[in-house]
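>>> Show me how the following folds:
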Amino acid sequence: MSLKPAYYREVLGLDDRDLWVEVHPENYMVEGGPRLAWLEAIRAERPLSFHGVGASLGGDEPLDQDHLAWLTALVDRFQPDSISEHATWSACNGHYLADLLPLPRTDEALAILCRHVEQFQEAIGRTILLENPSVYLPLAGDIPEPEFLAEAAKRTGCGLLLDVNNVYVSAHNVGYDPKRYLDAFDLDRVGEIHIAGHDADPNHGDALLIDTHAAPVRMGVWELLDYVLERAGPKPVLVERDAELPAFGTMLAECRAADRRIALNRDRADARDAQGAARLARA
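Numbering: from 1, shown residues only. Next up, the predicted model:
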């Protein structure tokens, strides 16, 4: 579950052994105060993941050393189970943009991304997971996105974070088959999966989907999650919600729906393995 201040009280002391939480570390880059105290108390009870949004790993500007210092201090203090960032850029001429912009997927862009991932990992002393972006317009690129991300992971030793909602949104907007994209994705390197809600653009309607994280998870995204889990096996799944927060019980219900899908696909995999072993025994 995306951990937001509105959910602190409900999460703390919650009797749900499978629930883990994720935060944007940028929201905790402060000297002190109640937000850090809440996170420390919740971290003492359950697994915690950091999901960064401010590194601009794909940009051609040097990494922000102040940002890295803050993040390193938070990593040292909270010891998150996982740390992730985006294969995007968001800084230009020293100014940060309020978006995670996709890369052109050229050899030059890949080299920049890999150099920054290596610098980032060295600074914080941990390997990270790298997330696929949302795309709203077709981008010229020499390298297909699944191959681009797999090569970045191979060169840097990082893992991948597969955002299934981003795949659904991008496939709809640009016009490719999301299942073919997932078939090409290096699922063995995936350490975490994200699902979230999206909305139709207010001007273009359903012709353009926006990755808002402000709505319930749509059925098409749930179906793609099943498709991934069937092929990749059980993986940690995060339900992202950043705006229009529902009641805590509603949010928890979505997390439990993801748990059921993980369990169902685990059971199916176990059944297939048992059937295969039985066939071998009879041969």
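>>> List the contacts of stretch 142-152.
Applying CB atoms under 8 Å, 6 or more residues apart in numbering, the external contacts of stretch 142-152 come out as 87, 103, 105-107, 110, 113-114, 117, 130, 132, 141, 158, 160, 181, 184-186, 189. Just so you know, the C-beta spots here come from the backbone N, C-alpha and C atoms, and that holds for glycine as well.
>>> Go through those residues and flag which are in strands.
130, 160 (DSSP state E).
>>> Buried ones among the contacts of stretch 142-152?
Among those, those classed as buried by 16 or more other CB atoms under 10 Å are 87, 103, 105, 110, 113-114, 117, 130, 132, 158, 160, 181, 185-186, 189.
>>> Give the full set of residues in contact with the spatially closest residue to residue 3 that is not a sequence neighbour.
Closest residue to residue 3 apart from its sequence neighbours, by CB to CB, 6 or more residues apart in numbering: residue 21 at 3.9 Å. Residues near residue 21 by CB under 8 Å, 6+ apart: 1, 2, 3, 11, 42, 46, 47, 48, 49.
>>> before we move on, what about residue 47?
Contacts of residue 47 (CB under 8 Å, 6+ apart): 20, 21, 81.
>>> Show me which of these is closest to residue 167.
Nearest to residue 167 among those: residue 20, at 22.1 Å, using CB to CB.
>>> So what does that closest one have for phi and psi?
The phi and psi values for residue 20, taken as degrees, to the nearest 10, are phi -120, psi 160.
>>> Over to residue 106?
phi -110, psi 170.
>>> how close does the closest residue to it other than its chain neighbours get to residue 116?
Closest residue to residue 106 apart from its sequence neighbours, by CB to CB, 6+ apart: residue 142 at 5.3 Å. Counting by CB to CB, to the nearest Å, the separation of residue 142 from residue 116 is 19 Å.
>>> now do residue 223
34 Å.
>>> what about those two, which has more around it?
Per other CB atoms under 10 Å, whichever of residue 223 and residue 116 has more neighbours is residue 116, with 22 against 14.
>>> Correct me if wrong: that one contacts residue 57.
Yes - contact status for residue 116 versus residue 57: in contact at 4.5 Å, counting by CB atoms under 8 Å.
>>> Now the common contact residues for these two.
Contacts common to residue 116 and residue 57, judged by CB under 8 Å, 6+ apart, are residue 63.
>>> what's the pLDDT at residue 275?
Per-residue confidence (pLDDT) for residue 275: 65.
>>> Show me the shaky parts of the protein.
269-283 (pLDDT under 70).
>>> could I get the contacts of residue 21 as TSV with secondary structure and distance to residue 173?
Shown next, in TSV, are the contacts of residue 21 (DSSP: H, G, I helix; E, B strand; the rest coil; distance: CB to CB, whole Å):
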residue	secondary structure	distance to residue 173
1	coil	27
2	strand	23
3	coil	29
11	helix	34
42	helix	36
46	coil	35
47	coil	33
48	strand	32
49	strand	27
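>>> Please list only the buried members of the residues you listed.
The buried subset of these - by 16+ other CB under 10 Å - is 1, 2, 3, 11, 42, 46, 48, 49.
>>> end to end, how far does stretch 16-31 reach?
31 Å (CA to CA, to the nearest Å).
>>> now do stretch 121-130
Distance across stretch 121-130, first residue to last, is 11 Å (CA to CA).
>>> Enumerate the positions of it that are buried.
Those would be 121, 123, 124, 126, 127, 128, 129, 130, for stretch 121-130 by 16+ other CB under 10 Å.
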